[in-house]
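Student: coords please:
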Amino acid sequence: FGTRPATYYITTTQADSAEKNATKWWLERTLKPIDNEKLPIVVATGVTWKLFAKRAEKAKARRFWDFSNGTVTIIELPTSGHEGTARKFGYMFMEAFRNASRQDRVDDLGSKSLYTNLQTNKYEEPDTCFMPRRLLNPQNPTRYPCDHEGTPWPTIIVEVAFSETLEHVREKINNYWLAPNRAEDVIVIKLGSWKEKRHDRNGNPLRRLLCQKFCRRATLQQNPNATTFEPVQEIEFGSIYRNGRPAVISSLPFPPQTPVPLSVPGVAIDLYDIQELIFFYMGPN
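Tutor: Residues are numbered from 1 along each chain as shown. Sure thing, here's the model as predicted:
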C-alpha cells in the first residue's frame, strides 16, 4: 500500500474504545462499534491519495472517510438511520417517476464514485444521486464526465449527515458538487444529536431534523457572480425546532399537495415519512 510512510493515530493504551475501533477500520478495514458522538476522529496522517483510495475502496468507506492534505478523518458512520434515510429518499424520489415514459425516467446511481479529477483519479461519493435518462445519449457524449466511462454528472445529489457537520457538507457542496459542469441540486438531510434521548410527555422522541436544498441554477439566477452556495430552501421537519420548541409536523403527515417545481416535471417529497423511518431506527429508547 503506497510508497510514503504514514503516521497512524490512536495506538496507545490510553485511547478509548471508539478511537481504537476507528483506527481498526482504517488499518484492518473492519468496522467495530464507534460512538457517533466521538466523531470526527483523525486516524492517520502522511497518507498518499493512492493508499487512501485503495483502503477506502476495500472498506467501502469513501462516503465516511475524509481525505485532506494527507490526513484521514472518519466523519460519519453507516448507521441504520443514516443508510435508511438515504434509501428511503431514493425510493420516494424514484416512485415519483414510476409512470413516466421511458425517455423521461430517472436513474438512481446510488453512492456512485464521482471523479472530481480524472487525471489524478480523485473522487468523492455522495449517499445517493440521480440522473435523467435523457442525459445518457451515446450519440451525444458528455463533455464533462464523472468517471472514466464517460458517464454524465448526476443532476441531483443527496447527502445525509449525522456526526458530519453542516460546515463539512457545505465544503463538499462548494468545492465539488456544485462546481461548474457538475450537479445542479444538492439535498442535505441533517440528523440532530440523540445523545440526551429526550421525549415529550407522550413518549415521542424529541429530535431535530433538518432538510436543506442547494440549487446552482437558482443561486446564479439571483446572483450571476456567486461563487459559493447557500440553501435556497430549508425545512425543519423533526419533532423539535432549533429553539427547543416542539414541532407540529411530527404528529401526522401533511395531505398530498401538487408540488411547485423549479422545472418540469417536479417532485414533492413528504419529509414526514423520512422522519418516521428515522424515529423507527432510533429504537424504543
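Student: Just the buried positions in stretch 79-94, please.
Tutor: Of all the residues in stretch 79-94, those buried under the rule 16 or more other Cβ atoms under 10 Å are 79, 81-90, 92-93. C-beta: built from backbone N, CA, C; applies to glycine.
Student: tell me the mean pLDDT for it?
Tutor: Taken as a whole, stretch 79-94 has a mean pLDDT of 95.
Student: Now do that stretch: distance to the chain's middle.
Tutor: 10 Å (Cα atoms, centre = their mean, to the nearest Å).
Student: for the helix or strand where Gln275 lies, packing partners?
Tutor: Under the criterion of DSSP states H and E, Gln275 resides in helix 271-282. On a contact count with 3 or more Cβ pairs under 8 Å, 6 or more residues apart in numbering; DSSP states H and E, helix 271-282 meets helix 80-95, strand 209-215.
Student: ok and the shortest one relative to helix 271-282, angle-wise?
Tutor: Relative orientation of strand 209-215 versus helix 271-282 (axes from the mean of the first three to the mean of the last three Cα atoms, to 10 degrees): 130 degrees.
Student: Pull the contacting residues for Trp73.
Tutor: Just so we're on the same page, residue 73 is Thr rather than Trp. Residues counted as contacts of Thr73 (Cβ atoms under 8 Å, 6 or more residues apart in numbering) are Pro40, Ile41, Val42, Val43, Trp65, Asp66.
Student: cool, and Asp107?
Tutor: By Cβ under 8 Å, 6+ apart, the contact set of Asp107 is Phe130, Met131, Pro132, Arg133, Leu136.
Student: list the contacts for the residue nearest to the third one when sequence neighbours are not counted?
Tutor: Taking Cβ to Cβ, 6 or more residues apart in numbering as the measure, Pro132 lies nearest to Val106, with 5.6 Å between them; neighbours along the chain are not counted. Taking Cβ under 8 Å, 6+ apart as the contact definition, Val106 lies against Phe93, Met94, Phe97, Ala100, Phe130, Met131, Pro132, Arg133.
Student: Just give me the least confident of those.
Tutor: Ala100 (87).
Student: So it lies in a strand, does it not?
Tutor: No - judged by DSSP: H, G, I helix; E, B strand; the rest coil, Ala100 forms no part of a strand; its state is coil.
Student: Enumerate the positions of the helix holding Gln275 that are buried.
Tutor: Across helix 271-282, burial judged by 16+ other Cβ under 10 Å covers Leu271, Ile274, Gln275, Leu277, Ile278, Phe279.
Student: One more: stretch 109-126?
Tutor: So, applying 16+ other Cβ under 10 Å, buried residues of stretch 109-126: Leu109, Ser111, Lys112, Ser113, Leu114, Tyr115, Thr116, Tyr123, Glu124, Glu125, Pro126.
Student: What mean pLDDT does it get?
Tutor: Rounded mean pLDDT across stretch 109-126 is 96.
Student: circling back: chain center to the helix holding Gln275: distance?
Tutor: That offset, for helix 271-282, works out to 17 Å (Cα atoms, centre = their mean).
Student: same check, this time on stretch 27-40
Tutor: Distance of stretch 27-40 from the chain centroid (Cα atoms, centre = their mean) equals 18 Å.
Student: For the stretch 51-200 of the chain, which segments count as strands?
Tutor: Residue ranges of the strands in the stretch 51-200 of the chain, as given by DSSP state E, counting those that start in this stretch, are 65-68, 71-74, 106-108, 114-117, 122-124, 128-132, 156-161, 185-191.
Student: And these: which comes nearest Asn202?
Tutor: Relative to Asn202, the nearest member of the strands of the stretch 51-200 of the chain by Cβ to Cβ is strand 185-191, separated by 21.5 Å.
Student: And the contacts of Asp107, which is closest to Ile156?
Tutor: Nearest to Ile156 out of the contacts of Asp107 is Phe130 (Cβ to Cβ; 4.4 Å).
Student: So that closest one sits against Lys112, correct?
Tutor: No - applying Cβ atoms under 8 Å as the test, Phe130 and Lys112 come out as separate, 10.2 Å apart.
Student: And the buried ones among the contacts of Asp107, selectable in PyMOL?
Tutor: Buried residues among the contacts of Asp107 (16+ other Cβ under 10 Å), as a PyMOL selection:
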select buried, resi 130+131+132
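Student: Counting neighbours, what do you get for Lys24?
Tutor: 16 (other Cβ atoms under 10 Å).
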